[in-house]
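*Asks:* Sequence and predicted structure, then a few things I'm wondering about:
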Amino acid sequence: MKILASLFIIIILESCSSSKSTLPETKIDSDINSDSIVHGEAKLQSFTALKTDTALLVITYDFYENQSQGLLPYQDSINFRIVDFVRSTTEFEIDYNPAININTDFFSKQLMYFDSLSRFDSDMLEEGQLWELESTIDIIEFKNFVELDLSSWSYAGGAHGNGYASYSLIDRVNGKQLALSDFINDIPTFTELAEKYFRAQNEIEENTNLTDAGFWFTDGIFVCNENFYFADGNLNFLYNNYEIAPYAAGSISISIPLKELKPFLKIQPK
């Protein structure tokens, strides 16, 4: 396996010599808040050797800076999730490596790796289309938890690109991810309320079977997923492409006003 891996790296490096890309550009905001959140952007412009195709690769990011006193458990948990997210979107298949340190160089290096795979694929297809990538990482702090918003859109060949977004609410004490049941009591009754908003916001009549309406809920029974977040005075759920409907339907969201959640909320989003 080590021999094969070495050969693969050599092939990629040789491929890179026949294509060009600008060096990654990293921009860091000067303001770092009291909890040491670093805000920045890594950007790389890539183009084929004959300049028949060009692509822009961008990661806009937040992460917790590891200062002398070290990271708190929730900060370490969030940084680990960011590393895992970035590697999964730029490397596709990854091995677990807890030794990876997150810093501004990390994002640039991952863009370079993604670009090398892209240009190798382009050369194999004789100047095929370069891959594209746009990822965003946001950290939003609440009193009792921290929200980590991860989104990415990429094109890596095929008929169309693919995008998704995920939301994780992390406990500020122990760094564990909070589930919907940590925020909401009486899940069955809450689900009934959520379904009403789902139907209203997707223009589905009350008596229409969800399967007949084109959705992929098991046995046509609505369920809330665990991809939720708080924003704009609402509790929001996001279903990504292919999760409950065909690709053409795009991502599907539900927004439930917080004023409707007074009987259910166990943790206040403030």
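*Replies:* Cool, the structure landed.
*Asks:* so how far is Asn162 from Asn240?
*Replies:* 9 Å (CB to CB, to the nearest Å). For the C-beta atoms, the positions are set from N, CA and C on the backbone; glycine is no exception.
*Asks:* Equivalent analysis for Lys109, please.
*Replies:* 23 Å.
*Asks:* again, but for Leu169
*Replies:* Remark: distance between Leu169 and Asn162 (CB to CB) = 25 Å.
*Asks:* Check what pLDDT Asn66 gets.
*Replies:* pLDDT recorded at Asn66 is 86.
*Asks:* Excluding chain neighbours, what is closest to Ser154?
*Replies:* With sequence-adjacent residues excluded and distances taken as CB to CB, 6 or more residues apart in numbering, Ser154 is closest to Leu133, at 4.7 Å.
*Asks:* again with Ser255
*Replies:* Per CB to CB, 6+ apart, closest to Ser255 is Asn234, 4.2 Å.
*Asks:* Give me the number of neighbouring residues for Phe237.
*Replies:* By other CB atoms under 10 Å, the residues close to Phe237 number 21.
*Asks:* I should have written Glu132 there, sorry.
*Replies:* Residues contacting Glu132 under the criterion other CB under 10 Å number 18.
*Asks:* measure it to Glu195 for me?
*Replies:* Note on Glu132: its distance to Glu195, by CB to CB, is 37 Å.
*Asks:* beta partners for the residue nearest to Ile254 when sequence neighbours are not counted?
*Replies:* What sits nearest to Ile254 in space, not counting adjacent residues and going by CB to CB, 6+ apart, is Phe237, at 4.5 Å. Taking DSSP bridges as the rule, Phe237 bridges to Phe228, Ile254.
*Asks:* Now do the strands in the chain.
*Replies:* With DSSP state E, the ranges of strands along the chain come out as 20-21, 25-28, 37-47, 54-64, 132-141, 145-155, 162-171, 228-231, 234-239, 252-257.
*Asks:* Looking at the ones you listed, spot the one closest to Ile267.
*Replies:* Among the strands of the chain, the nearest to Ile267 by CB to CB is strand 145-155 (6.9 Å).
*Asks:* Would you mark the buried spots in the closest one?
*Replies:* Phe145, Val146, Glu147, Leu148, Asp149, Leu150, Ser151, Ser152, Ser154, Tyr155 (16 or more other CB atoms under 10 Å).
*Asks:* I would like the residues contacting stretch 149-156, please.
*Replies:* For stretch 149-156, contacts defined as CB atoms under 8 Å, 6 or more residues apart in numbering pick out 81-82, 85, 89, 92, 118, 121, 129, 131-140, 161-168, 229.
*Asks:* what's the domain layout of this structure?
*Replies:* Domain assignment for the chain by automatic domain parsing gives 11-171, 180-261.
*Asks:* Least confident of those, on average?
*Replies:* domain 11-171 (a mean of 82).
*Asks:* Let me know how buried Thr208 is, in neighbour terms.
*Replies:* So Thr208, with other CB under 10 Å, has 12 neighbours.
*Asks:* swap in Asp186?
*Replies:* Using other CB under 10 Å, Asp186 has 11 neighbouring residues.
*Asks:* and it, what is it in contact with?
*Replies:* So Asp186 contacts Pro263, Phe264 (CB under 8 Å, 6+ apart).
*Asks:* Would you check how far apart it and Phe264 are?
*Replies:* For Asp186 relative to Phe264 (CB to CB), the value is 6 Å.
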